Each structure stands twice: as structure tokens, then as C-alpha cells.
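Asks: Give the three-dimensional model of this entry:
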Amino acid sequence: MPSLESYWEAEDVVLLADRAHSQGDEAEARALYTTAAQMYERLREQVLPERPFTWQIVTQSTAALYYRAGNHERATQIAQQALASGRVTDGHVRMRLQQIVDAITGGDDR
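Replies: All right, here's what the predicted structure looks like:
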């Protein structure tokens, strides 16, 4: 199970990225979003199978952070793999992952 400390460390990086973005420093924001996405990806790998909703939320966050970082290839890869895996059972998470894919590939907004 991921540690809460690791989660909060990743969230601190997201806050720094949001601040950089709001101050117009897009290069710094993208770098920080990338770091946060990588941290979330490590958290995602640690989620126990008996915590399926946690895995879904961390997966959604990981894809969203890669999207915000401008790494659309990785965001799409994570979202599509999750959607195809059968592990995404929550309708809202499924919708958000599909929205990421659609925003990148030009598909329908859902």
C-alpha cells in the first residue's frame, strides 16, 4: 500500500506546479507536473489489488498530471491501458479517463 507520506509529497509538488502555472511559468509548471506524475505512477504501482477504487483514482490522477505536463503520449497510454484493463469499474473515473484520451486524440467529449 502506498504510504500517506508519499502521497502528500506528490501533492506538495502538484501545489508547486499549480503555483508556477498561475504565475505564468509554464516551463516550471510542466516540469513539476511531470515530477508529480512520476510520483503518482510509483504510488499507482504500490496500490494493493484489494483497493480497486484507490487504484482507479491514482490512475486517473496520474494520467491527468501527465496531460497537464504536456506529455500527451504517456497520458493517453495510461488512460487507454486502464480503460482496456477492465479494472476501471467506477463510471466517473472511466468518463474522466476517456475525456483525457478524447482531448488528446480529438475524439468526442464525454
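
Asks: So the most centrally placed residue in the chain: helix, strand or coil?
Replies: Geometric centre of the chain, nearest residue: residue 62, 1.8 Å, by CA atoms, centre = their mean. Following DSSP: H, G, I helix; E, B strand; the rest coil, the label given to residue 62 is helix.

Asks: Would you mark the buried spots in the lowest-mean-pLDDT helix or strand in the chain?
Replies: Counting by mean pLDDT, DSSP states H and E, the chain has its least confident helix or strand at helix 4-22, which shows a mean of 93. Across helix 4-22, burial judged by 16 or more other CB atoms under 10 Å covers 10, 13-14, 16-17, 20-21. Where C-beta positions appear, they are placed from N, C-alpha and C, glycine not excepted.

Asks: Need the residues that contact it.
Replies: 26, 28-30, 32-33, 35-36, 39-40, 42-43, 65, 68 (CB atoms under 8 Å, 6 or more residues apart in numbering).

Asks: CSV for these, including secondary structure and pLDDT?
Replies: CSV is the format used below for the contacts of helix 4-22 (DSSP: H, G, I helix; E, B strand; the rest coil; pLDDT from 0 to 100):
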residue, secondary structure, pLDDT
26, helix, 97
28, helix, 98
29, helix, 98
30, helix, 98
32, helix, 98
33, helix, 98
35, helix, 97
36, helix, 97
39, helix, 95
40, helix, 96
42, helix, 94
43, helix, 93
65, helix, 98
68, helix, 97
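
Asks: Spell out for me the ChimeraX command that would select the buried members of those.
Replies: A single ChimeraX command selects the buried members of those (16+ other CB under 10 Å):
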select :29,30,32,33,35,36,39,40,43,65,68
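
Asks: ok, so of the contacts of helix 4-22, who is nearest residue 81?
Replies: residue 40 (14.7 Å; CB to CB).

Asks: Any figure for the gap between the closest residue to the closest one other than its chain neighbours and residue 38?
Replies: In space, and not counting its chain neighbours, residue 40 is closest to residue 62: 4.2 Å by CB to CB, 6 or more residues apart in numbering. According to CB to CB, to the nearest Å, residue 62 and residue 38 sit 9 Å apart.
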